[in-house]
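Undergrad: model this:
(one chain, ligands or ions: 2)
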Amino acid sequence: MKITSAKVIVCSPGRNFVTLKIETDQGLTGLGDASLNGRELSVASYLTDHVIPCLIGRDAHQIEDIWQYLYRGAYWRRGPVTMSAISAVDTALWDLKAKAAGLPLYQLLGGASRNGVMVYGHANGRDIESTVQEVLRYKAMGYKAIRAQSGVPGLEKVYGVGRGKMQYEPAEIGLPPEHDWDTGKYLRHTPKLFDAVRSAVGDDIHLLHDVHHRLTPIEAGRLGKDLEPYRLFWMEDATPAENQEAFRLIRQHTTTPLAVGEIFNTIWDCKDLIENQLIDYIRTTVVHAGGITHLRRIADLASLYQVRTGSHGATDLSPVCMGAALHFDLWVPNFGIQEYMRHSDETDAVFPHAYTFKDGFMHPGEVPGHGVTIDEALAAKYPYQRAYLPVNRLQHDGTLWHW
Ligand code: GCO
Ligand code: MG
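TA: Ligands and ions are numbered 1, 2, ... in the order given. Reported below is the predicted structural model:
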């Protein structure tokens, strides 16, 4: 099965997405997600200018060799732009191989290890009361696991508190908006939030929280300790992870489970975290961590240390990534949970898909491939719009902080 052509489709049905479409001499096409929030055009250019010319004429079945060719062969390794591009190629090739076999992708990985994929949804509110109401609304929709984020008194905007009801979308059209941050206010508020949420929702629902890289290791240790009575499923991105050793300090202070990895793009970003058992969940995902081929390697390393998967699944990852991730999740032995932030109706219309949600679980469907397609004519009606994630500054003196 020879690759005859490939192209990049950039569209913005409510937000920007980059999609790679590969065509073969057998008439089959494969799709891969290459979306990188706020840096979309760099990945599009990397693919169009540097990757696609090297793909033409290759055997689409040689997924591993093409992966190594694009990773080792580039000489320059890793990084989100490169790895998102490699991910898109890898996802499209797995889609093609599964279509050629006439099987849903999870069957090629080794078949289903479970009946469905437990997902967590996002409940967020401006204050504790409205967040509690949102958590109850998600519970009523059937979710077994819910992430809770709330506005913090004295801060104008806080990560996780969205505009829409079902879609949290932090990127804004234009240049990066600026948010303010105060660690003390956040640390005083968050245990109160979970006290209220846990007593309203009962013991049977898994609760999650995203710190979004804002704390130092010792502050994260303190928050983890303060949240222990509420039995969180995980505390996410408690501190920036460039220094993997930083997590040792958090671990020494709390039994709240730790999740990290949505901005990682290779196994090297999480190797020490996993081998030293400093985390409980690894959040690397298909689109940013080298596709199915590389994610499988990360999950296998993690399985040696009882670290489970918890793939990133925000709305800035397209339905193509979501579909591929669900096939991966259905198979991967050390599955933990999958994030599921629903896409807007416009996005869903551009990317028809086979995956479904029922009672807190998702299933990728039985369509050959990963089960997600693109309506190119509709996509063309939504041209790219420049948009950026916010930046954060400390409230008391304006120092640029982690967003
Ligand atoms: C999450 C993430 C997202 C990111 C977003 C950035 O846990 O879902 O933290 O909300 O902020 O994906 O592009
Ligand atoms: Mg996160």
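
Undergrad: Which residues in the helix or strand L273 falls within does the neighbour count mark as buried?
TA: According to DSSP states H and E, L273 maps onto helix 271-275. Within helix 271-275, the residues that qualify as buried by neighbour count (16 or more other CB atoms under 10 Å) are L273, I274. (C-beta placed from N, C-alpha, C; glycine too.)

Undergrad: which other helices and strands contact that helix?
TA: helix 291-303 (3 or more CB pairs under 8 Å, 6 or more residues apart in numbering; DSSP states H and E).

Undergrad: quick revisit: what is the subsequent helix or strand relative to the helix holding L273?
TA: Defined by DSSP H and E, the subsequent element after helix 271-275 is strand 281-282.

Undergrad: now the helix holding L273: mean pLDDT?
TA: In this model, helix 271-275 has a mean pLDDT of 98.

Undergrad: What are the contacting residues of it?
TA: 241, 244-245, 247, 260, 278-279, 282, 301-302, 304-305, 307 (CB atoms under 8 Å, 6 or more residues apart in numbering).

Undergrad: ditto for stretch 391-403
TA: 154-155, 159, 176-182, 212-214, 240, 389-390.

Undergrad: correct me, but L175 touches Y388?
TA: Yes: if you go by CB atoms under 8 Å, L175 and Y388 touch, sitting 6.2 Å apart.

Undergrad: give me the residue from this structure nearest ligand 2.
TA: Nearest residue of the chain to ligand 2 (CB to the ion) works out as D210 at 4.3 Å.

Undergrad: what about that residue, distance to G398?
TA: The gap separating D210 from G398 is 24 Å, by CB to CB, to the nearest Å.

Undergrad: Also H253?
TA: In terms of CB to CB, H253 sits 30 Å off from G398.

Undergrad: Could you pull out the helices in the stretch 1-150 of the chain for me?
TA: Under the criterion DSSP state H, counting those that start in this stretch, the stretch 1-150 of the chain contains helices at 40-45, 52-55, 63-71, 80-101, 105-109, 128-140.

Undergrad: of all these, which lies closest to L317?
TA: helix 80-101 (10.2 Å; CB to CB).

Undergrad: Taking their axis directions, the closest one and helix 291-303 sit at what angle?
TA: Helix 80-101 runs at 100 degrees relative to helix 291-303, counting by axes from the mean of the first three to the mean of the last three CA atoms, to 10 degrees.

Undergrad: For ligand 1, tell me whether helix 80-101 is touching it.
TA: No: residues of helix 80-101 are not located near ligand 1 by CB under 6 Å from any ligand atom, the shortest gap being 10.7 Å.

Undergrad: likewise stretch 248-265?
TA: Yes: for stretch 248-265, a contact with ligand 1 is found by CB under 6 Å from any ligand atom, at E262.

Undergrad: Any idea how far that stretch is from the middle of the chain?
TA: On the basis of CA atoms, centre = their mean, to the nearest Å, stretch 248-265 sits 17 Å off its chain's mean C-alpha point.

Undergrad: Restricting to C-alpha, output it in PDB.
TA: Written as PDB, here are the backbone C-alpha positions of stretch 248-265 (Å, rounded to 0.1, in the frame of the first residue of the first chain):
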ATOM      1  CA  ARG A 248      10.000  13.400  44.900                       C
ATOM      2  CA  LEU A 249       9.300  16.200  47.400                       C
ATOM      3  CA  ILE A 250       5.600  16.100  46.700                       C
ATOM      4  CA  ARG A 251       5.500  12.300  47.200                       C
ATOM      5  CA  GLN A 252       7.300  12.600  50.500                       C
ATOM      6  CA  HIS A 253       4.400  14.700  51.900                       C
ATOM      7  CA  THR A 254       1.200  13.200  50.500                       C
ATOM      8  CA  THR A 255      -0.700  10.100  49.500                       C
ATOM      9  CA  THR A 256      -3.000  12.000  47.100                       C
ATOM     10  CA  PRO A 257      -2.300  10.300  43.800                       C
ATOM     11  CA  LEU A 258      -0.400  12.400  41.200                       C
ATOM     12  CA  ALA A 259      -1.000  12.700  37.500                       C
ATOM     13  CA  VAL A 260       1.300  14.500  35.000                       C
ATOM     14  CA  GLY A 261       2.200  14.500  31.400                       C
ATOM     15  CA  GLU A 262      -0.200  16.400  29.100                       C
ATOM     16  CA  ILE A 263       2.600  18.600  27.800                       C
ATOM     17  CA  PHE A 264       5.200  15.800  27.600                       C
ATOM     18  CA  ASN A 265       6.100  14.600  24.100                       C
END
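
Undergrad: Go through that stretch and flag the buried ones.
TA: 250-251, 254, 256-265.
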